[in-house]
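[1] structure here, sequence nowhere to be found:
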């Protein structure tokens, strides 16, 4: 699991600590579509996931 850091641009609009998930409703369940803030948070989160994947590539993560 790669969490969404609190200093991520768009963090309050991007799904909070569980990571951006393209939420298309507002905080009061009103239809908003996917906003620019949510797209920005998703972009940064994708970069975080890619960095973690690159750091773990080829590593043995579980004991045998």
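    Noted; the coordinates are in hand. All of these numbers come straight from a predicted model, not from anything done at the bench.
[2] drop to CA atoms for contacts and neighbour counts, all remaining ones
    Fine.
[3] run through this structure and note the low-pLDDT ranges.
    By pLDDT under 70, the low-scoring segments of the chain are 14-24, 26.
[4] just the helices in it please.
    Using DSSP state H, the helices of the chain run over residues 36-56.
[5] count of residues packed around the closest residue to residue 13 other than its chain neighbours?
    Nearest non-adjacent residue to residue 13, counting by C-alpha to C-alpha, 6 or more residues apart in numbering: residue 38, 5.5 Å away. Neighbourhood size, residue 38 [other C-alpha atoms under 10 Å]: 22.
[6] what of residue 9?
    Neighbour tally, residue 9, other C-alpha under 10 Å: 17.
[7] thinking it is in contact with residue 42, fair?
    No. Using C-alpha atoms under 8 Å, residue 9 is not in contact with residue 42, being 9.4 Å away.
[8] so the residue nearest to residue 13 touches residue 9, yeah?
    No. Between residue 38 and residue 9 there is no contact under C-alpha under 8 Å: 9.1 Å.
[9] and the contacts of stretch 47-62?
    Residues outside stretch 47-62 that contact it (C-alpha atoms under 8 Å, 6 or more residues apart in numbering) are residue 2.
[10] in it, which residues are buried?
    Residues of stretch 47-62 classed as buried by neighbour count (16 or more other C-alpha atoms under 10 Å): residue 48.
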